[in-house]
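Trainee: Fold the following and give me the result.
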Amino acid sequence: MKKLLLIAAIVIGISSSLRADEPREYAQVTLTGASDGKRPTTPRDQLVILMVDGDVITHDASPIPSADVVPLVNALLKEKNISLVGVYVREGSKYGDVVHAVDILRQTNAKNIGVSIHMIPPGREP
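Mentor: Predicted coordinates for the structure are as follows:
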């Protein structure tokens, strides 16, 4: 699955460079791993944490209807006065699900979107 996330990041990077003539500035997408304890990590209260679970994006274990993802994430970012989104991926999610979710999240007001390379097993929350 790490290979799929890497491919997703490459595709997103290529697609963003192809759209360079668009006036909108999109969020930077970064693949993240576990902390090694040497580098500072972002506190959980400084980002909106989401989960890609198949073709569904969830927040606090609650599915978000596709049409409500952008407004909900924007409201959460504004409420917390932050600009970071952390995305975890459930084991078994497909490459296309991750790409689609990141593409939707790029439409939000987030400045940075971190996608974890560590998969979350079923029944466990980030």
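Trainee: quick check, Pro71 in a helix?
Mentor: Yes - inclusion of Pro71 in a helix is indicated when DSSP: H, G, I helix; E, B strand; the rest coil is applied.
Trainee: now it: how far from Gly92?
Mentor: To Gly92, Pro71 is 28 Å away according to CB to CB, to the nearest Å. Placement of C-beta: from N, CA and C, glycine included.
Trainee: Which residue ranges of the protein form helices?
Mentor: Counting by DSSP state H, the chain has these helices, from start to end: 2-18, 69-80, 95-105.
Trainee: in the longest strand along the chain, what counts as buried?
Mentor: With secondary structure taken from DSSP state E, the chain has its longest strand at strand 112-120. When neighbours are counted by 16 or more other CB atoms under 10 Å, the buried residues of strand 112-120 are found to be Ile113, Gly114, Val115, Ser116, Ile117, Ile120.
Trainee: any idea which of these is closest to Ala61?
Mentor: Checking the buried residues of strand 112-120 against Ala61 with CB to CB, the nearest one is Ile120 at 11.3 Å.
Trainee: which residues touch Ala27?
Mentor: Applying CB atoms under 8 Å, 6 or more residues apart in numbering, we find Ala27 in contact with Val85, Leu105, Arg106, Thr108, Ala110, Lys111, Asn112, Ile113.
Trainee: Nearest the middle, which residue of this structure would you pick?
Mentor: Here the mean C-alpha position of the chain is nearest to the C-alpha of Val87 (CA atoms, centre = their mean), at a distance of 3.6 Å.
Trainee: who does it bridge with?
Mentor: In this structure, Val87 bridges to Leu50, Val115 when assessed by DSSP bridges.
Trainee: show me what contacts Gly33?
Mentor: Ser116, Ile117, His118.
Trainee: Since that was my last question, I'll sign off now.
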